[in-house]
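K.L.:
All I have is the shape, not the residue letters:
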């Protein structure tokens, strides 16, 4: 089975399983997706603590906690703080989904179309 831009890869789903009756159930709640999001926008160490409740609240709370602690000590800011990201958006999740899909593929260089997958359409 070839995954195309019209498919939702399993890593997007909570517990890597889609409900055929409701394809939106659990979508964008996959552990790999959320961990990858944290690696890019908060820190690699924050990804280890991913419980994957999928609502993004822990990411936002981590940002708030880091902001509070940074007033007491000198702490290196992460990307989410630098760009003043206040919430997780679908556009940011789509960006991370493309990064994860590329990483999991056998393709060795980035192109908007990699043979059987169109990232722009996805």
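P.N.:
Yes, it's here. What you see is a predicted model; the values in this text were computed from it and never measured. Residues are numbered from 1 along each chain as shown.

K.L.:
could you measure the residue nearest to residue 43 when sequence neighbours are not counted against residue 7, distance?
P.N.:
Distances taken as CB to CB, 6 or more residues apart in numbering place residue 78 nearest to residue 43, at 5.3 Å, with adjacent residues excluded. From N, CA and C alone the C-beta is placed, and that goes for glycine too. Counting by CB to CB, to the nearest Å, the separation of residue 78 from residue 7 is 32 Å.

K.L.:
So which of those two has more stuff around it?
P.N.:
Comparing residue 78 with residue 7 by other CB atoms under 10 Å, the one with more neighbours is residue 78, at 18 against 13.

K.L.:
Is the residue nearest to residue 43 in contact with residue 44, as I believe?
P.N.:
No. Assessed by CB atoms under 8 Å, residue 78 is found out of contact with residue 44, at 10.0 Å.

K.L.:
that older thread, quick one: the residue nearest to residue 43 from residue 85, how far?
P.N.:
Taking CB to CB, one finds residue 78 at 10 Å from residue 85.

K.L.:
Quick check: neighbours shared by the two?
P.N.:
residue 41 (CB atoms under 8 Å, 6 or more residues apart in numbering).

K.L.:
for this structure, what spans make up the helices?
P.N.:
In the chain, the helices defined using DSSP state H lie at 31-41, 44-47, 57-70, 79-82, 90-104.

K.L.:
and of the ones you listed, who's closest to residue 19?
P.N.:
helix 31-41 (16.8 Å; CB to CB).

K.L.:
packing partners for the closest one?
P.N.:
helix 44-47, helix 57-70, helix 79-82, helix 90-104 (3 or more CB pairs under 8 Å, 6 or more residues apart in numbering; DSSP states H and E).

K.L.:
Show me how far it is from its chain's centre.
P.N.:
4 Å (CA atoms, centre = their mean, to the nearest Å).

K.L.:
For residue 65, report the pLDDT, please.
P.N.:
Residue 65 is assigned a pLDDT of 63 by the prediction.
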